[in-house]
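> Just need the structure, nothing else, for what follows:
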Amino acid sequence: MKRIYPLLSVLVLLAMLVSACTAVAPGGDQGAAAPSGEKTKVVFYQRGYIDGGADAGSVNTAKAIEVFEQNNPDIDVEIVGIPWTAEGDTKLETALAGGTDINVFRVTSPNLPRYAKQGILSEITPYLTDEEKADFYESAFQVATVDGKVWAWPLWVTAISLFANTDILAERGVDLPTMEKPWTWDEFVAATKQLTYTKDDGTQVYGFTASSKWGAVEYYPLMYIDGGRILSADGAQFVQNQPEGVSALDKLASLALEHKVTPPDFGTVDQAGVRSQFKDLQSVALLMSTPGFVPDLESSGFPLAVLPPPTGDMDSLVTNGAFGLFAVVDVEDEAKVAAAHKLANYLTGSQVAADVEGWQLAPGLRRSNTAYATTPNRQVIADLVEYGVYEAPVATSAELGSRYGAALQSIILGEQTAQEAMDEIAPDYQAELDALSQ
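Residues are numbered from 1 along each chain as shown. Presented below is the predicted three-dimensional model:
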């Protein structure tokens, strides 16, 4: 029996050592592998970020990365700030050409097809769970899909809505539409006519305006209300010269040319100009705008109500807007690619919105991300996301983009009919689309 005691002692000691090695730290997962001590480095190119900067964008980015690294101690993120200028474009293109010191970056819709076709990007679908796929709105991947694959993580969309000066509407006895009962096109026209009048002090008030100079996007929702589009859903065909597209453009032009409910300079004033007409001069009752104008109006105490756009022949709500997107660079190191997708997933999800106050500058594209909807007005904008109609990304030339914007402007100014303008640009637009598909 004396020989057994030393053996038992050894077994007890071994059991204690095993227990110590497998102990779980507070908050850890039972059975999780211990960190190896070697971190995966991810280089994150962020537009507008300044290291140590006090601006909201820099502060929020730094905070988001700090939280991400705390929750993912095996990943080290280096932030490289680049400006929203041509200099920033050059730095980004240089980094992408090198392909070794960049893993995550903000990508624009026009550049996405080029990067995807060049093999620069890593597809996001393998890094999405079924639950995450279901969480995204159906329209979320419309501008991130090229050749049937999704190449970017949707961050948010600048969902365009109708802004109302409630003082003017109350004075003219115009009731506000709701998401449940939006204005039909005829009701919208009737309201804008009622809101076009001369005040007792001689100030002329107009019912409606939007930035419409050289193809600005603020009035785009109206182009879709009859069921038409600029391009077919796959981006292969120019279709805006078909009846559904032409009828919507005719409706838009009629506001100025027939109903006379827009300011005389409608179609020639840029975004800053129409916003000044609405906010500072208060000479316009209804403005179609992106969400970026909301904080300015809120901080000034403006009598604001956000409304859904009117419905057309499609008999459905519609919004449109620009997307924020994060893309991941495809590199040979699979661990880096996986870590980069994990970061992009976090930066575009609902958790970062909860972790970083003020992160959501526009409504997100996941149902679970409700952080933007902090007021009734912002709730309307967030609810409109579900009704987004967006064009497939295509890398058409800047020259074609300028010509298309000029064609839209010519319709609004009455220089061409919608059918004439769209038929005129259709052959050249289609030729570029055909060339891109080869």
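> Going along the chain, name the helices of the stretch 51-200 of the chain.
For the stretch 51-200 of the chain, the helices defined by DSSP state H, counting those that start in this stretch cover 56-71, 86-98, 112-117, 130-135, 166-171, 185-194.
> now for those helices, which one comes closest to residue 369?
Closest approach to residue 369 among the helices of the stretch 51-200 of the chain (C-beta to C-beta): helix 130-135, 8.3 Å. Every residue, glycine included, has its C-beta placed from N, CA and C.
> Please list the outside residues in contact with that closest one.
Here helix 130-135 makes contact (C-beta atoms under 8 Å, 6 or more residues apart in numbering) with 345, 366-368.
> can you rerun that using 10 Å?
124-125, 128-129, 140-141, 150, 345, 349-350, 364-369 (C-beta atoms under 10 Å, 6 or more residues apart in numbering).
> Please pick the buried ones from those.
Applying 16 or more other C-beta atoms under 10 Å to the contacts of helix 130-135, the neighbour count classes 124, 128, 140-141, 150, 345, 349-350, 364-366, 369 as buried.
> so which of these comes closest to residue 229?
The nearest member of the buried ones among the contacts of helix 130-135 to residue 229, counting by C-beta to C-beta, is residue 141 at 16.5 Å.
> List the residues that contact the closest residue to the closest one other than its chain neighbours.
Spatial nearest neighbour of residue 141, chain neighbours left out: residue 150 (4.9 Å); criterion: C-beta to C-beta, 6 or more residues apart in numbering. By C-beta under 10 Å, 6+ apart, the contact list for residue 150 reads 116, 121, 123-125, 128, 133, 136, 140-142, 144.
> Same check on residue 263?
By C-beta under 10 Å, 6+ apart, residue 263 lies in contact with 196, 204-209, 256, 269, 273-274, 277, 281, 283-284.
> Could you double-check that residue 186 sits in contact with residue 310?
Yes - using C-beta atoms under 10 Å as the test, residue 186 is close enough to residue 310 to be in contact (8.8 Å).
> More neighbours: which of those two?
Legend: neighbour count by other C-beta atoms under 10 Å for residue 186 and residue 310, higher for residue 310 (23 against 10).
> Kindly state the domain boundaries assigned to the chain.
Domain assignment for the chain by automatic domain parsing gives 40-158+322-387, 161-320+396-436.
> Quick check: mean pLDDT of the longest one?
Pointing back at domain 161-320+396-436 there. For domain 161-320+396-436, mean pLDDT rounds to 94.
> Then stretch 44-64?
93.
> Just the endpoints, please. Distance across that stretch?
12 Å (C-alpha to C-alpha, to the nearest Å).
> Return the set of buried residues in stretch 340-348.
Buried-residue list, stretch 340-348, by 16+ other C-beta under 10 Å: 340-348.
> Mind exporting the C-alpha coordinates of it to PDB?
Only the C-alpha atoms of stretch 340-348 are listed here, as PDB (Å, rounded to 0.1, in the frame of the first residue of the first chain):
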ATOM      1  CA  ALA A 340     -11.200  41.500 -42.500                       C
ATOM      2  CA  HIS A 341     -14.700  40.200 -43.200                       C
ATOM      3  CA  LYS A 342     -15.400  39.900 -39.400                       C
ATOM      4  CA  LEU A 343     -14.400  43.600 -39.100                       C
ATOM      5  CA  ALA A 344     -16.500  44.700 -42.100                       C
ATOM      6  CA  ASN A 345     -19.500  42.700 -40.700                       C
ATOM      7  CA  TYR A 346     -19.200  44.500 -37.400                       C
ATOM      8  CA  LEU A 347     -18.800  48.000 -38.900                       C
ATOM      9  CA  THR A 348     -22.000  47.500 -40.900                       C
END
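> what about that stretch, distance to the chain center?
Remark: stretch 340-348 is offset 16 Å from the chain centroid, using C-alpha atoms, centre = their mean, to the nearest Å.
> doesn't residue 339 fall inside a helix?
Yes - assessed with DSSP: H, G, I helix; E, B strand; the rest coil, residue 339 lies in a helix.
> can you tell me which residues contact it?
Going by C-beta under 10 Å, 6+ apart, the list of residues near residue 339 reads 39-42, 72, 74-77, 103-104, 328, 333.
> Distance of it relative to residue 69?
11 Å (C-beta to C-beta, to the nearest Å).
> what does residue 348 give?
Distance from residue 348 to residue 69, by C-beta to C-beta: 17 Å.
> Same question for residue 162.
Going from residue 162 to residue 69 by C-beta to C-beta gives 41 Å.
> ok, back up a step: could the contacts of residue 150 be laid out in a markdown table, adding pLDDT and distance to residue 424?
As requested, the contacts of residue 150 are exported to a markdown table (pLDDT from 0 to 100; distance: C-beta to C-beta, whole Å):
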| residue | pLDDT | distance to residue 424 |
| --- | --- | --- |
| 116 | 93 | 31 |
| 121 | 97 | 35 |
| 123 | 97 | 38 |
| 124 | 97 | 38 |
| 125 | 95 | 39 |
| 128 | 94 | 42 |
| 133 | 93 | 41 |
| 136 | 94 | 38 |
| 140 | 90 | 34 |
| 141 | 92 | 32 |
| 142 | 89 | 27 |
| 144 | 92 | 31 |
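> ok, so of the residues you listed, who is nearest residue 430?
residue 142 (20.5 Å).
> Setting aside sequence neighbours, what's the nearest residue to that closest one?
residue 390 (4.2 Å).
> Near the one you found, how many other residues are there?
With other C-beta under 10 Å as criterion, residue 390 counts 22.
> That one reaches residue 322, doesn't it?
Yes - in this structure residue 390 lies within contact range of residue 322 using C-beta under 10 Å: 9.4 Å.
> shared neighbours of the two, which are they?
Common contacts of residue 390 and residue 322 (C-beta under 10 Å, 6+ apart): 109, 143, 157, 220.
> Quick one: the residues you listed as TSV, columns for distance to residue 251 and neighbour count too.
Formatted as TSV, the shared contacts of residue 390 and residue 322 follow (distance: C-beta to C-beta, whole Å; neighbours: other C-beta atoms under 10 Å):
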residue	distance to residue 251	neighbour count
109	26	20
143	25	23
157	24	29
220	13	25
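> Please flag which of those sit within strands.
The members of these that map onto strands under DSSP state E are residue 157.
> Sort out which one of the shared contacts of residue 390 and residue 322 lies nearest residue 300 for me.
Nearest to residue 300 among the shared contacts of residue 390 and residue 322 is residue 157, at 25.0 Å by C-beta to C-beta.
> Quick check: the gap between that closest one and residue 109.
From residue 157 over to residue 109 the distance is 11 Å, taken as C-beta to C-beta.
> Find residues that contact each of those two.
What both residue 157 and residue 109 touch, as defined by C-beta under 10 Å, 6+ apart, is the set 142-143, 322-325, 390.
> State the pair within those residues that is farthest apart.
Farthest pair in the shared contacts of residue 157 and residue 109 (C-beta to C-beta) is 142 and 324. Separation: 14.1 Å.
> Please list all residues in contact with the spatially closest residue to residue 65 that is not a sequence neighbour.
Distances taken as C-beta to C-beta, 6+ apart place residue 77 nearest to residue 65, at 5.0 Å, with adjacent residues excluded. Going by C-beta under 10 Å, 6+ apart, residue 77 touches 39-44, 64-66, 68-69, 103-104, 339-340, 343.
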